[in-house]
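S.K.: can't give you the sequence, but here's the structure:
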């Protein structure tokens with residue numbers, strides 16, 4: 001079994017230690033043989049022993065929200081994990097994955113991310129856009145916060161044999177529409193939909209009665225109809241691994257390349273904003289409107305509840321990119337993207 005196992009390390013600014021202490025039973029790890037518990041594993045060892053969460057050199061989470069420049073520059077020049085090397089030598093990365101609260105099973109395949117629920121009764125009705133974030137991300141409109149850096153999750157998904165597609169993008173039409181066309185409903189923008197392999201995401205936690213619970217991430221959401229009707233459950237359409245884009249930053253005379261997801265801190269999006277920062281987007285065109293979704297109060301754990309996200313590939317299922325019209329003309333009234 002090609003397995004790298006991790007203990008929980010969640011970068012939550014509120015009651016962080018309580019989350020760490022209480023999450024030990026949030027996930028049942030596959031059995032690890034005695035031979036795999038050796039600290040000095042062979043470079044090609046298939047199994048890495050569970051190890052305590054380590055200091056991976058990241059700044060104190062309490063400082064991440066203080067200074068914008070620091071939030072961005074703290075991640076520059078950090079070496080990225082080579083997915084091919086991770087796939088060949090998972091045991092060599094056990095400590096790194098542990099520090100990010102990650103369990104990676106290459107045989108199943110399964111990627112588990114440990115984190116905590118963000119909302120309580122007072123905020124449960126707030127619109128959500130970026131469902132899974134770390135402490136650098138948009139926590140005010142997310143459902144779950146995790147410790148993991150997006151670039152590490154990206155490397156794990158690639159090590160599982162998945163080939164990232166491309167995120168949703170928007171581009172200005174060239175030539176642009178005339179004023180008359182704009183007034184008639186022609187959009188100044190065109191859209192290319194997300195592409196990539198499909199995954200399922202489940203959420204595991206233990207409820208207040210000590211009972212284990214599992215729900216799909218989509219079942220924890222409700223869609224708000226545009227006509228103001230009652231919120232509706234989401235169809236199980238899955239999540240597309242689109243990968244994150246890269247940016248460049250001038251540092252003196254040098255140009256530094258950085259992982260856009262690490263700077264933004266958002267991992268899973270349901271709002272399609274075209275920023276190319278999230279690793280996974282929902283397999284739906286509805287997310288063009290970011291106010292469409294809220295959390296289902298009957299299906300989500302309480303605030304600060306330790307949770308584990310279970311990401312599993314849908315073998316052989318892949319979404320291809322499409323050119324989508326955003327026009328609001330009579331001829332396009334039936335398009336699910338509003339165009």
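M.R.: Nice, thanks for sending it over. Here the structure is a predicted model, which means the values were calculated and not measured. Numbers count the residues shown, from 1 in each chain.
S.K.: in the stretch 51-200 of the chain, which spans are helices?
M.R.: Remark: helices assigned in the stretch 51-200 of the chain by DSSP state H, counting those that start in this stretch are 68-73, 83-88, 94-99, 150-159, 179-183.
S.K.: the strand ranked longest in the chain: which residues count as buried?
M.R.: Counting residues, the longest strand found in the chain (DSSP state E) is strand 306-319. Going by neighbour count (16 or more other C-beta atoms under 10 Å), the buried part of strand 306-319 is 306, 307, 308, 309, 310, 311, 312, 313, 319. All C-beta atoms are positioned from the backbone trio N, CA, C, and that covers glycine.
S.K.: for stretch 171-178, same thing?
M.R.: residue 177.
S.K.: for the longest strand of the chain, the distance to its chain's centre please.
M.R.: Remark: strand 306-319 is offset 11 Å from the chain centroid, using C-alpha atoms, centre = their mean, to the nearest Å.
S.K.: stretch 240-247 now?
M.R.: That offset, for stretch 240-247, works out to 11 Å (C-alpha atoms, centre = their mean).
S.K.: most packed of the helices of the stretch 51-200 of the chain?
M.R.: helix 150-159 (a mean of 25; mean count of other C-beta atoms under 10 Å).
S.K.: next, the angle strand 306-319 makes with that one.
M.R.: 50 degrees (axes from the mean of the first three to the mean of the last three C-alpha atoms, to 10 degrees).
S.K.: what is the mean pLDDT for stretch 124-133?
M.R.: The pLDDT scores in stretch 124-133 average 83.
S.K.: elements contacting the longest strand of the chain?
M.R.: strand 110-117, strand 144-146, strand 196-206 (3 or more C-beta pairs under 8 Å, 6 or more residues apart in numbering; DSSP states H and E).
S.K.: single out the most deeply packed of those.
M.R.: It is strand 144-146: most buried of the helices and strands packed on strand 306-319 by mean count of other C-beta under 10 Å, with a mean of 29.
S.K.: could you tell me the end-to-end distance of stretch 128-148?
M.R.: 20 Å (C-alpha to C-alpha, to the nearest Å).
S.K.: now do stretch 93-104
M.R.: OK, stretch 93-104 end separation, C-alpha to C-alpha: 10 Å.
S.K.: can you redo the buried residues of strand 306-319 as CSV with pLDDT?
M.R.: Below are the buried residues of strand 306-319 laid out as CSV (pLDDT from 0 to 100):
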residue, pLDDT
306, 93
307, 93
308, 95
309, 96
310, 97
311, 98
312, 98
313, 97
319, 89
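S.K.: let's have those in JSON lines, adding distance to residue 297.
M.R.: Listed next are those as JSON lines, based on distance: C-beta to C-beta, whole Å:
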{"residue": "306", "distance to residue 297": "19"}
{"residue": "307", "distance to residue 297": "16"}
{"residue": "308", "distance to residue 297": "21"}
{"residue": "309", "distance to residue 297": "20"}
{"residue": "310", "distance to residue 297": "22"}
{"residue": "311", "distance to residue 297": "25"}
{"residue": "312", "distance to residue 297": "26"}
{"residue": "313", "distance to residue 297": "30"}
{"residue": "319", "distance to residue 297": "30"}
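S.K.: from these, which is closest to residue 227?
M.R.: Residue 227 lies nearest to residue 319 out of the buried residues of strand 306-319, by C-beta to C-beta, at 28.0 Å.
S.K.: how about the nearest residue to residue 278, chain neighbours excluded?
M.R.: residue 269 (3.9 Å; C-beta to C-beta, 6 or more residues apart in numbering).
S.K.: beta-bridge partners for the one you found, please?
M.R.: Taking DSSP bridges, one finds residue 130, residue 281 as the beta-bridge partners of residue 269.
S.K.: residue contacts, it?
M.R.: For residue 269, the contacting residues are 129, 130, 131, 278, 280, 281, 282, 287, by C-beta atoms under 8 Å, 6 or more residues apart in numbering.
S.K.: among those residues, which two are most distant?
M.R.: 129 and 280 (13.4 Å).
S.K.: look at these two and report which has more neighbours.
M.R.: The neighbour count for residue 129 versus residue 280, taken as other C-beta atoms under 10 Å, is higher for residue 280 (31 against 21).
S.K.: quick check, pLDDT for the more buried one.
M.R.: pLDDT at residue 280 comes out at 95.
S.K.: make sure it is actually in contact with residue 200.
M.R.: No. Residue 280 is beyond contact range of residue 200, at 10.9 Å (criterion: C-beta atoms under 8 Å).
S.K.: name the residues contacting each of these two.
M.R.: residue 239.
S.K.: partners of residue 319 in the sheet?
M.R.: residue 196.
S.K.: from residue 259, how far out is it?
M.R.: 22 Å (C-beta to C-beta, to the nearest Å).
S.K.: check residue 143 too.
M.R.: Residue 143 is 23 Å from residue 259, by C-beta to C-beta.
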